[in-house]
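1. Any chance you could fold what I've pasted below:
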Amino acid sequence: MDAIVIAGGIPEPGDPLYEYTQGQPKALLDIAGKPMVQWVLDALSGAKTIDQVVLIGLPEDSGLECSKRLTFVPNQGGMLQNVRAGMEKVLELSPQTRHVLAISSDIPAIEAEMVDWMVNENAGTDLDLYYTVIPRQVMESRFPNSNRSYTRLKNAEVCGGDINMIRAHTVRTNDELWDRIIAARKSVFKQAALLGYGNLILLLPRQLTIEGAVKRVTKRMDITGKAVFSPYAEVGMDVDKPHQLEILRADLERKKKAREV
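-> Numbering: from 1, shown residues only. Model (predicted):
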């Protein structure tokens, strides 16, 4: 399977991470001695299921490395535009590609086995979208001070992951709805809006199951899809705020030292 890595974000003044980035790409923040996105590329390098990688948003002279074929695509100015550009590049390189693994550049704790788990977990199925969710107990057991935002449903309390599988041609349709999906990643109420405001009454008292939520969203989008419960908190531990950056710096520094022993 081919993977795209989304790395186009540059925090602006007022963003919690601006004092750390000072106008530079967030993906290049130093974590335990190397750029944050390099940790992601290392995981993809070690994953047996990944054939090639398309990196969107950074120049070729960024000094990044990947043992798989690595292709750079310039920043397109927005999340959806970057995803589309990455998908189109994959289809240009491998026209027969059906599904692509889309991964954010800001989950540096991810490892090769987690990438392989995601691909293998969904092998043999043929849906449009595989959206990763992490149960609250999984996240807080691994990163107890992460302060993630959770969606509370009848049978689960979850946060979204940053590694998902998408049918390669899907993002070429319905731009407005894909923009809303991307915007809804961090907001329970925006997620409710995707279901339709008539379903908000079900969400608030936790009467809506995750299966019901998926059914409503996919019907509203006219696509097929499923929520994939990941046992790995690392796929949802992204860097949005300074305290999350420091958590991951400490975590990966510990791992780095352990491997050096």
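2. Spell out the residue ranges of the strands in this protein.
-> With DSSP state E applied, the chain shows strands at 2-6, 30-31, 34-35, 52-56, 69-73, 99-104, 129-135, 151-152, 157-160, 163-167, 225-229, listed in chain order.
3. can you put these in JSON lines and add mean neighbour count and distance to residue 239?
-> All C-beta spots, glycine's among them, are computed from the backbone N, C-alpha and C. What follows is these, written out as JSON lines (neighbours: other Cβ atoms under 10 Å; distance: least, Cβ to Cβ, whole Å):
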{"stretch": "strand 2-6", "mean neighbour count": "25", "distance to residue 239": "13"}
{"stretch": "strand 30-31", "mean neighbour count": "18", "distance to residue 239": "8"}
{"stretch": "strand 34-35", "mean neighbour count": "20", "distance to residue 239": "12"}
{"stretch": "strand 52-56", "mean neighbour count": "24", "distance to residue 239": "17"}
{"stretch": "strand 69-73", "mean neighbour count": "17", "distance to residue 239": "21"}
{"stretch": "strand 99-104", "mean neighbour count": "24", "distance to residue 239": "9"}
{"stretch": "strand 129-135", "mean neighbour count": "22", "distance to residue 239": "16"}
{"stretch": "strand 151-152", "mean neighbour count": "17", "distance to residue 239": "20"}
{"stretch": "strand 157-160", "mean neighbour count": "21", "distance to residue 239": "14"}
{"stretch": "strand 163-167", "mean neighbour count": "23", "distance to residue 239": "15"}
{"stretch": "strand 225-229", "mean neighbour count": "19", "distance to residue 239": "22"}
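4. Let's have these in TSV, adding distance to residue 216.
-> Shown next, in TSV, are those (distance: least, Cβ to Cβ, whole Å):
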stretch	distance to residue 216
strand 2-6	26
strand 30-31	38
strand 34-35	39
strand 52-56	30
strand 69-73	33
strand 99-104	22
strand 129-135	13
strand 151-152	13
strand 157-160	16
strand 163-167	18
strand 225-229	11
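5. Residue 116: which of the ones you listed is closest?
-> Residue 116 sits nearest to strand 99-104 of all those, at 10.4 Å, using Cβ to Cβ.
6. what's the average pLDDT for that closest one?
-> For strand 99-104, mean pLDDT is 95.
7. can you check stretch 51-70 too?
-> 96.
8. start to end distance for it?
-> Across stretch 51-70, the terminal residues are separated by 10 Å (Cα to Cα, to the nearest Å).
9. Sketch out the low-pLDDT regions of the stretch 51-200 of the chain for me.
-> Low-confidence segments of the stretch 51-200 of the chain, defined by pLDDT under 70, span residues 172-200.
10. what's near enough to touch the residue most central in space within the chain?
-> Note on the chain: the residue nearest the mean C-alpha position is residue 162, at 1.8 Å, using Cα atoms, centre = their mean. Applying Cβ atoms under 8 Å, 6 or more residues apart in numbering to residue 162 gives the contacts 103, 104, 106, 107, 132, 235, 236, 238.
11. how much space between the fourth one and residue 26?
-> Put plainly, it is residue 107. When distances are taken as Cβ to Cβ, to the nearest Å, residue 107 and residue 26 turn out to be 12 Å apart.
12. just the first one next, same as before
-> Taking Cβ to Cβ as the measure, residue 103 and residue 26 are separated by 15 Å.
13. Can you work out which residues contact both of residue 107 and residue 26?
-> residue 239.
14. Please verify my assumption that residue 27 contacts residue 36.
-> Yes: in terms of Cβ atoms under 8 Å, residue 27 counts as a neighbour of residue 36; the distance is 5.7 Å.
15. Mind listing the shared neighbours of those two?
-> The contact sets of residue 27 and residue 36 overlap at 105, 106 (Cβ under 8 Å, 6+ apart).
16. Out of the strands of the chain, which is closest to residue 252?
-> Nearest to residue 252 among the strands of the chain is strand 30-31 (5.6 Å), distances taken as Cβ to Cβ.
17. Mind giving me the packing neighbours of that closest one?
-> In this structure, strand 30-31 makes packing contacts with helix 242-260, judged by 3 or more Cβ pairs under 8 Å, 6 or more residues apart in numbering; DSSP states H and E.
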